[in-house]
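Student: sequence isn't available, so here's the structure alone:
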DNA sequence: CAGGCTATTATGTATAGACATAATGAGTCA
DNA sequence: TGACTCATTATGTCTATACATAATAGCCTG
């Protein structure tokens, strides 16, 4: 790593912030000044600062300058899972079973999540992912056929919509949510749980350049733990 | 947005990928060619492509070029929460209550998580975070006094260990886990839930350059949803 | 033909200079 | 006093050029 590379500068600034040479809330020197200090071009310092801002370590505003974030927000990485890979990576055998597949009007709640007019037709697919013969995840998915019309031609008999979409419908934005809830009706039946058992529910909506792709609800039995490393 | 800005170029390329004008696995034109096509400098195209690569839509390799990702493995950002900020950001009033604070030997399970000898002394703090008067999170934390001795001098009467540590003990690594579980004993009592209610449990261990700092178990009542945006 | 060297190529990074844009604050006018 | 205008300032972006670097393909050598 070069002495004046944007990476070196970024690392140096990161160090000053973590060692509290610059306190949270404090305004740090401007790009011009830092460029002089590091003997680099302003564009280089700019790149380093932009990355720090993206990482949440500093906040930048035109005219007022760059300040150290008050609560140095760290970001964790969470890799969006391909269920099959997730299961096979832990040495278990993966099995997939399609439960239902139907093209029909979306319920209002789903249409709202996908930001389409109420009643818009979509593809509704439900299926089950097994790990070593045990139910691992129940997947309840709606696909927006306006954005992913090719999905209409897919049976999902042997390939899960999770896997198919990963390969066929890239996305640029996503919103995840996770929560605990008591198992209810169909979900409890399918997962083989008693009603009220604490299930782990993940929901996800994905978008590509402003157009919604899919909304999925993933239900895991109580033993499931989601792990994230930073 | 300018016609030839890196954002416009990024959006156009994103569109071509989403509309499958360029198929997954396909090599797209080089920076030079795209620069000519868009009437922009190569650096501008480079910036657009780098962002797409960071977003996981394309894969770039020197000499071989840029290809549309086969399995767009994307990583989500998960911001490590400062409970108070999280609550206040949603317009609710925050309230903190210390439940217990004791310096004593760690249970084996905790010592193992913190990677210290069984029986090592640590600071055990339990407390409750309220949002608009409702129990929001029960926090059960062990602090490694070998790495953070200053914590021993802190009463945690008015400032939560979460907040204190964020400001006083930076970390370099962390491992999170999340799961759903039935509420048990003390936790159920404190959160005012019936035994067996589905609670959302987060656990986190943080480290600074190979030395463990703290292990925390955070229990949320069933209504809680954790949201993550990409 | 194996093994290693070399030229080629596409991306990666740095630079100086220029102009764009948002936010601020000072000055102006009613 | 208040509302408006305008200059100032720091960041945001773009360009043209140059050189760095990783990976590949092909060539040479033993």
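Tutor: Great, that's in hand. Keep in mind that this is a model prediction, so the values were computed, not measured. Residues are numbered from 1 along each chain as shown, chains lettered A, B, ... in the order given.

Student: how about the residue lying farthest from the centre of chain A, what does it touch?
Tutor: Here chain A reaches farthest from its C-alpha mean at residue A:36, the gap being 39.1 Å by CA atoms, centre = their mean. By CB atoms under 8 Å, 6 or more residues apart in numbering or on different chains, the contact set of residue A:36 is empty. (Glycine included, C-beta is placed from N, CA and C.)

Student: list the buried residues of the one helix or strand it maps to.
Tutor: Secondary-structure element containing residue A:36, defined by DSSP states H and E: helix A:31-38. Neighbour-count burial for helix A:31-38 flags A:31, A:34, A:35, A:38 (criterion: 16 or more other CB atoms under 10 Å in any protein chain shown).

Student: is it true that the last one touches residue A:32?
Tutor: Okay, so that is residue A:38. No - applying CB atoms under 8 Å, one finds residue A:38 not in contact with residue A:32, separated by 11.4 Å.

Student: neighbours around residue A:12, how many?
Tutor: Residues lying near residue A:12 (other CB atoms under 10 Å in any protein chain shown) number 15.

Student: quick one: it from residue B:100, how far?
Tutor: Computed as CB to CB, to the nearest Å, the residue A:12 to residue B:100 distance reads 42 Å.

Student: tell me the SS of the nearest residue to residue A:173 once chain neighbours are set aside?
Tutor: Leaving aside its chain neighbours, residue A:173 sits nearest to residue A:207 (4.2 Å; criterion: CB to CB, 6 or more residues apart in numbering or on different chains). The assignment at residue A:207 comes out as strand when based on DSSP: H, G, I helix; E, B strand; the rest coil.

Student: quick check: residue A:207 vs DNA strand C, distance?
Tutor: Separation of residue A:207 from DNA strand C (CB to the nearest atom of the strand, to the nearest Å): 24 Å.

Student: and if you look at residue A:121?
Tutor: From residue A:121 to DNA strand C the distance is 39 Å (CB to the nearest atom of the strand).

Student: what pLDDT is listed against the residue lying closest to residue A:90 once chain neighbours are set aside?
Tutor: Spatially, and ignoring its direct neighbours in sequence, residue A:90 is nearest to residue A:131 (7.7 Å; CB to CB, 6+ apart). For residue A:131, the pLDDT comes out at 90.

Student: bridging residues for residue A:131?
Tutor: Legend: beta-bridge partners of residue A:131 under DSSP bridges are residue A:94, residue A:134.

Student: pretty sure it contacts residue A:92?
Tutor: Yes - Residue A:131 lies in contact with residue A:92 (CB under 8 Å); the separation is 4.3 Å.

Student: who has more neighbours, these two?
Tutor: residue A:131 (20 against 15).

Student: what sits against that one?
Tutor: Contact partners of residue A:131, counting by CB under 8 Å, 6+ apart, are A:87, A:90, A:92, A:93, A:94, A:95.

Student: count of neighbours near the last one?
Tutor: A count of neighbours around residue A:95, defined by other CB under 10 Å, yields 16.

Student: now swap in residue A:44 and tell me
Tutor: Every residue meeting other CB under 10 Å relative to residue A:44 is counted, giving 21.

Student: from DNA strand D, how far out is the residue lying closest to residue A:143 once chain neighbours are set aside?
Tutor: Distances taken as CB to CB, 6+ apart put residue A:123 closest to residue A:143, at 4.2 Å, once the chain neighbours are dropped. As judged by CB to the nearest atom of the strand, residue A:123 and DNA strand D stand 37 Å apart.

Student: residue A:123 against residue A:151, yeah?
Tutor: Yes - if you go by CB under 8 Å, residue A:123 and residue A:151 touch, sitting 5.5 Å apart.

Student: overlap in contacts, those two.
Tutor: Going by CB under 8 Å, 6+ apart, residues that sit against residue A:123 and also against residue A:151 are A:143, A:145.

Student: what's the farthest-apart pair in the contacts of residue A:131?
Tutor: Comparing all pairs in these by CB to CB, the longest separation belongs to A:90 and A:95, at 14.2 Å.

Student: can you tell me the SS state at the residue nearest to residue A:143?
Tutor: strand.

Student: contacting residues around it?
Tutor: With contacts defined as CB under 8 Å, 6+ apart, the neighbours of residue A:123 are A:101, A:102, A:103, A:142, A:143, A:145, A:151, A:152.

Student: which among those residues end up buried?
Tutor: Counted by 16+ other CB under 10 Å, these give A:101, A:142, A:143, A:145, A:151 as buried.

Student: redo these as CSV? Include pLDDT and secondary structure.
Tutor: Shown next, in CSV, are the buried ones among the contacts of residue A:123 (pLDDT from 0 to 100; DSSP: H, G, I helix; E, B strand; the rest coil):
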residue, pLDDT, secondary structure
A:101, 94, strand
A:142, 96, strand
A:143, 94, strand
A:145, 91, coil
A:151, 87, helix
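
Student: so of those residues, which two are at opposite extremes in space?
Tutor: Comparing the members of the buried ones among the contacts of residue A:123, the greatest separation, given CB to CB, is between A:101 and A:145, at 12.7 Å.

Student: follow-up on the earlier one: quick check: bridge partners of the residue nearest to residue A:173?
Tutor: Beta-bridge partners for residue A:207, by DSSP bridges, are residue A:173, residue A:212.

Student: what's the burial count for it?
Tutor: By other CB under 10 Å, the residues close to residue A:207 number 20.

Student: again with residue A:141
Tutor: Neighbour count of residue A:141, defined by other CB under 10 Å: 24.

Student: residue A:5 now?
Tutor: Residue A:5: 15 neighbours (other CB under 10 Å).

Student: cool, and residue A:209?
Tutor: 17.

Student: just residue A:189 next, same as before
Tutor: Neighbours around residue A:189, by other CB under 10 Å: 12.

Student: with residue A:227 instead?
Tutor: The local packing of residue A:227 (other CB under 10 Å) involves 11 other residues.

Student: try residue A:221
Tutor: Around residue A:221 there are 21 other residues, counting by other CB under 10 Å.

Student: residues touching it, list them.
Tutor: A:134, A:135, A:136, A:191, A:192, A:193, A:197, A:199, A:200.

Student: looking at those residues, which are in strands?
Tutor: Among the contacts of residue A:221, the members found in strands (DSSP state E) are A:134, A:135, A:136, A:199, A:200.

Student: who wins on neighbours among these?
Tutor: residue A:200 (25 neighbours).

Student: for residue A:187, see how far away that one is.
Tutor: From residue A:200 to residue A:187 the distance is 12 Å (CB to CB).

Student: so what sits against both of the two?
Tutor: residue A:219.

Student: ok, which stretches of chain A are strands?
Tutor: A:27-28, A:58-61, A:65-68, A:75-79, A:94-105, A:121-131, A:134-143, A:173-182, A:198-208, A:211-220, A:225-229.

Student: fine, thanks again, bye for now.
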